[in-house]
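Asker: Mind folding the following:
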Amino acid sequence: MSKERPKIGTDGSVLPLLPPERDARVWARLVRVMFYTPGFLALLLIKSGEPVSFGITVELLMLASAAAIVGGLFIGTQSEGPGADASSQVGAWSGALVLELLAVVPFLAAVPALFHELVNSTLLHARAPGAVNVTLGASELLPMVAILPFMVYQLAGFGTLHYIVSRNVNWIINCAILGLIVAGYVANREAAYQVERALMSLLVLAMGATMAYGVLKLKRLQAAYDANVPPKPPK
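Answerer: Numbers count the residues shown, from 1 in each chain. This next block holds a predicted model:
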């Protein structure tokens, strides 16, 4: 069984609540997945050769791929050994936050429009003579369902954001993510690409600001925890 962290510091105050220890190797594997998958899809979308309807989809995919590299840098600094400081102790958590907000969220925002473009591309799959054009209709929304387990991941306490902001703020952030992604997809389907670009830019800026706040707060919480945690009893 894992040992519980001390809850009361040496000064008698309650110690900060930190995320649980996480296996950095698992997150490192996710970095590889999040680097290659969005990048490959972006190249595939460019190959379809119909950039007028891309909107901001390619940029979102490339952001997800690039953010995965930065997330890997944070995770690579994780250390609990001699010389570890507040920054190195929160490396895995900070990398997870980068992946969650700047890799996964842009990827989820890009997938619905990406699916629509690929399935309707006349260059990736030329229509056979006499073929009947079958409209997918509401089934095109199926890729967007991936947003729901991500929200469960965040709101049920699995996400790193759960330990950084209050429950109400966490709900507001995730509802805003869902609302902006849906609104951006609707704008894409209505060919309002400037509106889509504005909505997705707002989403990315909000995620970037939240990520920066979260990383700095994690470091601050860890420093406060280290300064007041009771010493370990001698073995």
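Asker: residues in contact with the most centrally placed residue in the chain?
Answerer: Nearest to the mean C-alpha position of the chain, counting by Cα atoms, centre = their mean, stands Glu100 at 2.4 Å. Glu100 makes contact with Gln154, Gly159, Thr160, Leu161, according to Cβ atoms under 8 Å, 6 or more residues apart in numbering. C-betas here are computed from N, CA, C, even on glycine.
Asker: Which members of those are classed as buried?
Answerer: Among those, those that count as buried by neighbour count (16 or more other Cβ atoms under 10 Å) are Gln154, Gly159, Thr160, Leu161.
Asker: Out of the contacts of Glu100, list just those in helices.
Answerer: Of these, the ones assigned to helices by DSSP state H are Gln154.
Asker: and the two most separated of the contacts of Glu100?
Answerer: Checked with Cβ to Cβ, the contacts of Glu100 reach their widest spread between Gln154 and Thr160, with 9.1 Å between them.
Asker: where do the helices sit along the protein?
Answerer: Ranges of helices in the chain, per DSSP H, are 24-47, 57-76, 86-89, 91-98, 105-120, 147-155, 167-189, 193-228.
Asker: tell me the most buried of the ones you listed?
Answerer: Compared across the helices of the chain, helix 91-98 shows the largest average neighbour count, a mean of 26 (mean count of other Cβ atoms under 10 Å).
Asker: can you give me the angle it makes with helix 193-228?
Answerer: For helix 91-98 against helix 193-228, the angle by axes from the mean of the first three to the mean of the last three Cα atoms, to 10 degrees is 160 degrees.
Asker: which residues are contacting helix 91-98?
Answerer: With contact meaning Cβ under 8 Å, 6+ apart, helix 91-98 is reached by 18-19, 22, 24, 27, 31, 67, 70-79, 160-161, 163-164, 211, 214-215, 218-219.
Asker: And the average pLDDT for it is what?
Answerer: For helix 91-98, mean pLDDT is 92.
Asker: tell me the angle of it relative to helix 57-76?
Answerer: 170 degrees.
Asker: what angle sits between helix 91-98 and helix 24-47?
Answerer: Using the same axes, to 10 degrees: helix 91-98 against helix 24-47 is 30 degrees.
Asker: Run through this structure and note the low-pLDDT ranges.
Answerer: 1-3, 47-54, 119-140, 233-235 (pLDDT under 70).
Asker: switch to 90 and redo it
Answerer: 1-30, 32-59, 61-62, 76-91, 110-147, 157, 185-194, 196, 222-235 (pLDDT under 90).
Asker: Can you tell me the closest non-neighbouring residue to Leu180?
Answerer: Spatial nearest neighbour of Leu180, chain neighbours left out: Leu203 (4.4 Å); criterion: Cβ to Cβ, 6 or more residues apart in numbering.
Asker: mind checking how far that neighbour is from Gln78?
Answerer: 28 Å (Cβ to Cβ, to the nearest Å).
Asker: ok so, going back, dump the helices of the chain to JSON lines, plus distance to Val14.
Answerer: Output for the helices of the chain, formatted as JSON lines (distance: least, Cβ to Cβ, whole Å):
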{"stretch": "helix 24-47", "distance to Val14": "28"}
{"stretch": "helix 57-76", "distance to Val14": "27"}
{"stretch": "helix 86-89", "distance to Val14": "18"}
{"stretch": "helix 91-98", "distance to Val14": "20"}
{"stretch": "helix 105-120", "distance to Val14": "32"}
{"stretch": "helix 147-155", "distance to Val14": "24"}
{"stretch": "helix 167-189", "distance to Val14": "17"}
{"stretch": "helix 193-228", "distance to Val14": "10"}
